[in-house]
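Peer 1: fold the stuff below for me.
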Amino acid sequence: MLKIHWKPAVATLGLAIVAGCTPPPPPPPPPPPRVVKAEPTPYRPVPPAGAAYRMDLPPVTADGTRLSINHGLDEIETIWHFRSGWNVAALNCMNASDAVITTGYGEFLKKFRRELSSANTEMDRRFQQQASERRAAIALREVHSTQVYNYFTLPAVRGDFCNISRLIAQQFMTAPPADLTSFAAVNLQLYENAFANFFNEYERYEQLSADWDRRYGAMYGHSQPGWVAVHGGRSGTSATSSIVGPQTPVVTATVTDPESGEHVPIVPAPEGVVSTPVVQPVPNE
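Peer 2: Residues are numbered from 1 along each chain as shown. Have a look, this model is predicted:
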């Protein structure tokens, strides 16, 4: 007689039913929230080379030329402005390596004494034509000379200006040129390049600082010296930077030029020294 073993099957079916009723395991806990570190507010951009927070730059023409004091000069003016620039360098570039500037300038005056004297006489004649009397002509020339010398004494350009002056002096001492007109034109342009580079850097600072003012000025402006210098203090009154700007250098002494009688400023602005303060932004109260 055939026997059917049904009990194990029943047991297996029971286990399957029990297993089907077991709840699934709980899902793993969610990861902890990601900590997002707040980006610190940057300080307001500062001008290049320790320049003032506010200054007027020579305007630019449609072709990109700067309308500086050295723009649009004729041959006589080019000679005299270049001579003025080298004169400023001889008095203001005071590093040990700058001795060649003074030595070279002295040799330059000797070699081209006749041409420089003629240029000086012509400059006098031109100012006399603009004035009714000699005293007024002298005053006009002194004003013009002050503008030229102040241009060359911009403290923010001191480093590049002195570097170029050393190069000019070394080349002059190595191979003195025969023609003053072309020598003055080429090297005055070298001086202008140094100033143009600074002006371009300053315009970049103006763009970056204006962007900072739009983004952070309402909250953090009053903690930044540059913002206060440009926009004024809390009282709404206009403010000026406490740092002496390039257009108004601190003149501690002047030296009288024996050739022309002009007073050349001596400006104590050591190379590599930046006095523009950088302050961490804090919210306005």
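Peer 1: who's the closest spatial neighbour of residue 102, skipping the chain neighbours?
Peer 2: Of all residues not flanking residue 102 in the chain, residue 90 sits nearest, at 4.6 Å (CB to CB, 6 or more residues apart in numbering). Any C-beta I mention is one placed from the backbone N, CA and C, and that applies to glycine too.
Peer 1: actually, residue 191.
Peer 2: Leaving aside its chain neighbours, residue 191 sits nearest to residue 85 (5.1 Å; criterion: CB to CB, 6+ apart).
Peer 1: next, count neighbours for that neighbour.
Peer 2: 26 (other CB atoms under 10 Å).
Peer 1: mind checking which helix or strand it is in?
Peer 2: helix 75-92 (DSSP states H and E).
Peer 1: now the residue nearest the centre of the chain, nearest residue through space, not along the chain?
Peer 2: Closest to where the C-alpha atoms of the chain average out (CA atoms, centre = their mean) is residue 48, at 3.1 Å. Excluding the flanking residues, the one nearest residue 48 by CB to CB, 6+ apart is residue 201, at 4.2 Å.
Peer 1: the one helix or strand that neighbour maps to vs helix 75-92, what angle?
Peer 2: Secondary structure assignment for residue 201, by DSSP H and E: helix 180-220. Using axes from the mean of the first three to the mean of the last three CA atoms, to 10 degrees, the inter-axis angle of helix 180-220 relative to helix 75-92 is 60 degrees.
Peer 1: moving C-terminal of helix 180-220, what's the next helix or strand?
Peer 2: Using DSSP H and E, the first helix or strand after helix 180-220 is helix 225-231.
Peer 1: hmm, who's touching that next one?
Peer 2: 44-47, 52-54, 209, 213, 217, 220-222, 239-242, 276-277, 279 (CB atoms under 8 Å, 6 or more residues apart in numbering).
Peer 1: how far off centre is it?
Peer 2: Chain-centre distance of helix 225-231: 17 Å, with CA atoms, centre = their mean, to the nearest Å.
Peer 1: what average pLDDT does that helix get?
Peer 2: When pLDDT is averaged over helix 225-231, the result is 93.
Peer 1: please identify the buried residues of that helix?
Peer 2: For helix 225-231, a neighbour-count test (16 or more other CB atoms under 10 Å) marks 225-230 as buried.
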